[in-house]
Every structure is written in C-alpha cells, then in structure tokens.
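Participant: A predicted structure for the sequence below; I have some questions about it.
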Amino acid sequence: MKTLSKDELFRILSNSRRRQILYFLHRAGEAISLKELAAMVAARENGTAVEDVTDEERQRVYISLYQTHLPKLESAGLVDYDDEERSVELVPNVAKRGFFWMQSGASESWSRYYALLGALSWALILGLWAGLPGFALVSWSAVAVFVSAALLVLVLAQYLSERNGGTSADAFEALVE
C-alpha cells in the first residue's frame, strides 16, 4: 500500500461503494470475482439477499465498480484487480494490517483486564495455600466469591461496553453504510 495522507484516504473512502468494496474484500479474506462483488454491493444497496439481486441491479453496480471505483482503489494501492480473471482482492499489506476501523483494539484492552483478574486470583489462591501472613484471615469460600463476582462484573462491563459503544467490527460495518 502506498502511503496516503489522511485527506487522500478520506477522499477515497468518501464514497459508499468504495467502502463496501473494502468491507466485502476484508470479510472474504481472499480474492473474489468482480461479478460476485457487484452482487454483494447491489444486495446491500437494495436491502436484499445476494441471490435475490436482479441481473440489471448487479450489472449497474458492476459497471460502476469496473469503470470508477476499482481503478481509484487500485491507484491508491488498496486493492489488486486482475483484469484477465476479473477478480479483486485487498493488497497484502491492507489485508494483513487493515485500517484503523478493522483493528481489534477493543478486545485487546479487555484481555488485559482478564489477565489482571487471573493474576490477582492466583496470587490470592497461592497466598492462601502457602499460609502467608494476612492470607490466613481469608477463607477459601471468600476467594471463590471474590473471583466469581469479579469475573461476572468484568464480563458484564465488557458486554455493556460492546453493546453501547460497539466493537471495531461494528464500527467497520457502520462505515460501510
């Protein structure tokens, strides 16, 4: 991928069809035919299933993708289009790294909380098992209640956070519309 300024990137992504192309290619994870891509975009735009897209709807999108959108994405270094095979795929760097909205930063932050809870739980268990001073005041049932309650709170917080704020995959989906 060639280096694009933010202005260039946002100019390219200002069109819904180009965002949809990137979305469907990212989701597919491999090269897909232009005909298949056109059907997916047409289905999304018409609010229907891919198999219910008419030839006319698909052809209208196909021409637009072929003449306008794929050349822009290819010249920006975001996709590779094989004219002989009539297939398109994300360039390897974009497929591997993605864009800021394709990345799963949200799940990484939650994994830190789970790891911290796991380490704290094991510290309590080992301290109690070894009979370290201060731990003798804590019972096994208190440790079990603490660990299960903390885990429940953490899972609930993650659920509410993702439900209200959305995950990065939801953010990517929202950018397509």
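Facilitator: Cool, got the structure. It should be emphasised that the depicted structure is a prediction, and the values quoted were computed from it without experimental measurement. Numbers count the residues shown, from 1 in each chain.
Participant: where's Leu22 relative to Arg163, distance?
Facilitator: From Leu22 across to Arg163, the span is 25 Å (C-beta to C-beta, to the nearest Å). Yep, even glycine has a C-beta here, placed from its N, CA and C like the rest.
Participant: okay, these two: which has more neighbours?
Facilitator: Leu22 (24 against 10; other C-beta atoms under 10 Å).
Participant: can you pull the buried residues of the helix or strand the more buried one falls within?
Facilitator: Applying DSSP states H and E as the criterion places Leu22 in helix 16-28. Buried residues in helix 16-28, counting neighbours by 16 or more other C-beta atoms under 10 Å, are found at 17-26, 28.
Participant: for Leu25, what are its contacts?
Facilitator: Contacts for Leu25 (C-beta atoms under 8 Å, 6 or more residues apart in numbering) come out as 32, 37, 79, 88-90, 95.
Participant: could you dump the helix holding Leu22 to CSV, C-alpha only?
Facilitator: Only the C-alpha atoms of helix 16-28 are listed here, as CSV (Å, rounded to 0.1, in the frame of the first residue of the first chain):
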residue,chain,number,x,y,z
SER,A,16,-20.1,4.3,0.0
ARG,A,17,-19.4,1.8,-2.8
ARG,A,18,-15.6,2.0,-2.2
ARG,A,19,-16.1,1.4,1.5
GLN,A,20,-18.3,-1.5,0.6
ILE,A,21,-15.7,-2.9,-1.7
LEU,A,22,-13.1,-2.8,1.1
TYR,A,23,-15.6,-4.2,3.6
PHE,A,24,-16.6,-7.2,1.5
LEU,A,25,-13.0,-7.9,0.5
HIS,A,26,-11.9,-7.7,4.1
ARG,A,27,-14.7,-10.1,5.2
ALA,A,28,-13.9,-12.5,2.3
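Participant: what about that helix, average pLDDT?
Facilitator: Averaging pLDDT along helix 16-28 yields 91.
Participant: Check what contacts the helix or strand in which Ile63 is found and list those residues.
Facilitator: Here Ile63, judged by DSSP H and E, is contained in helix 55-64. Here helix 55-64 makes contact (C-beta under 8 Å, 6+ apart) with 17, 34-35, 38-39, 41-42, 45-46.
Participant: Tell me how the chain divides into domains.
Facilitator: For the chain, automatic domain parsing gives the domain ranges 6-97, 105-176.
Participant: okay, these, which one's buried deepest?
Facilitator: With neighbours defined as mean count of other C-beta atoms under 10 Å, these peak in mean count at domain 6-97, which reaches a mean of 16.
Participant: Nearest spatial neighbour of Phe135, chain-adjacent residues omitted?
Facilitator: Leaving aside its chain neighbours, Phe135 sits nearest to Gly127 (3.9 Å; criterion: C-beta to C-beta, 6 or more residues apart in numbering).
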